[in-house]
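Engineer: Pasting a predicted model and its sequence here:
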Amino acid sequence: MSKKPQYRLKDIAFELGLSTSTVSRALSDHPHVSEDTKERVKEAVNKAGYQLNAMASSLRKSKSNIIGLIVPRISMYFQSSVITAIQNVLQKRDYNLMIFQSNESPALEKQLVNVLLALRVEGLIVSSTLYTEDFSHFDAFAKANVPLVFYDRVPKGYSAHKIQGEDYQGAYKTTLHLLEKGCRRIAHISGPLSCSLYRERLAGYQDALKKFNVPFDESIVSFQELTYENAYRTCESLFAALPYPDAVFTCNDTTAIAVLDYANTIKLRIPQDFRLAGYSNDPRVQIIRPSITSVEQFPYEMGEQAAALIMDLIHQKIEPGRSFISLTSPVELIVRESTK
């Protein structure tokens, strides 16, 4: 089968009686090319099925209009909302988003950083893995003068632009709410403490207990990857012997749903037998019964903040010489049936 001949830029120029450079400028929406000429070129391009090689063009201009994004897992509700917000902001600015997931692997995260740097992205936005403690692989972006913004899971003790939620306040308010409902044996299911946000949430939980003079009980606190399966196994230990917890506060909603399912299995009623609160306000917790109290993190707004900040850094709208920017995204406790 014969290969169809490639329709080149100079073929379009010849057909329209224009120079190749004029056609190229028209495709790049150059201000010195008339709107009429741009329309003629676009019609010819569409008719011929010609596609501008964006990567080759970016290499010539040393400008890719591509922002890299590394997330732990795209499937997470929080991350999918952030991604949508970032992409919506970037599209309005004629930038494209290149998304990679680290799958909670620091080794893969390091590899992805090198890949994105080689692809000449104009900026990088990152939510790090649960286990990233050495952030030196991101130094290459600073050396290359490419803007870098961390969000949600941000490094401690590493100089960078950061946007993080009020994780301490979210946990403090949730635990305080349970204490005010009369709960005193509040189990806490959290993520690995190698991740800064879980350290913040643990501190909020502990400080709320102190305010009510309730001792911290390590036997009802666990740290793990917050999957449904892990949560279910934790419940098997948590409810293996009396006295049962009179509340369970989990650091994500997938875990809270697993706790609810386990309670149904052993015929415990929520909130009559124990109260339950989660974190992140996943849409699922609103529609199951009983609906689950959770902490709203406003992920869409955090994504908009991250995109706006990376754009300001790229276009040098940040005051020269200013120290690294640290922004805080608010949280809100949404009280539902599981704690009423």
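Structural biologist: Looks like it arrived, so ask away.

Engineer: all strands for the chain, in order.
Structural biologist: 66-71, 96-101, 123-126, 148-151, 161-165, 186-190, 221-223, 247-250, 275-277, 294-296, 326-329, 332-334 (DSSP state E).

Engineer: Which strands or helices does the fourth one pack on?
Structural biologist: Just to be clear, that refers to strand 148-151. strand 123-126, strand 161-165, helix 299-314 (3 or more Cβ pairs under 8 Å, 6 or more residues apart in numbering; DSSP states H and E). Any C-beta I mention is one placed from the backbone N, CA and C, and that applies to glycine too.

Engineer: Tell me which of the ones you listed is the most buried.
Structural biologist: With neighbours defined as mean count of other Cβ atoms under 10 Å, those peak in mean count at strand 123-126, which reaches a mean of 26.

Engineer: Show me how far that one is from its chain's centre.
Structural biologist: 11 Å (Cα atoms, centre = their mean, to the nearest Å).

Engineer: Look up how far residue 97 lies from residue 200.
Structural biologist: Going from residue 200 to residue 97 by Cβ to Cβ, to the nearest Å gives 28 Å.

Engineer: before we move on, what about residue 107?
Structural biologist: When Cβ to Cβ is the yardstick, residue 107 and residue 97 sit 24 Å from each other.

Engineer: For these two, indicate the residue with more neighbours.
Structural biologist: residue 97 (18 against 11; other Cβ atoms under 10 Å).

Engineer: Distance of the closest residue to the more buried one other than its chain neighbours relative to residue 16?
Structural biologist: Distances taken as Cβ to Cβ, 6 or more residues apart in numbering put residue 87 closest to residue 97, at 4.9 Å, once the chain neighbours are dropped. Residue 87 sits at a distance of 34 Å from residue 16 (criterion: Cβ to Cβ).

Engineer: one step back: got the strands of the chain as CSV, with mean pLDDT and distance to residue 260 columns?
Structural biologist: CSV is the format used below for the strands of the chain (pLDDT from 0 to 100; distance: least, Cβ to Cβ, whole Å):
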stretch, mean pLDDT, distance to residue 260
strand 66-71, 96, 27
strand 96-101, 95, 28
strand 123-126, 97, 33
strand 148-151, 97, 29
strand 161-165, 96, 24
strand 186-190, 98, 13
strand 221-223, 97, 17
strand 247-250, 98, 9
strand 275-277, 98, 6
strand 294-296, 98, 12
strand 326-329, 94, 27
strand 332-334, 98, 16
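
Engineer: Thank you kindly, that will do.
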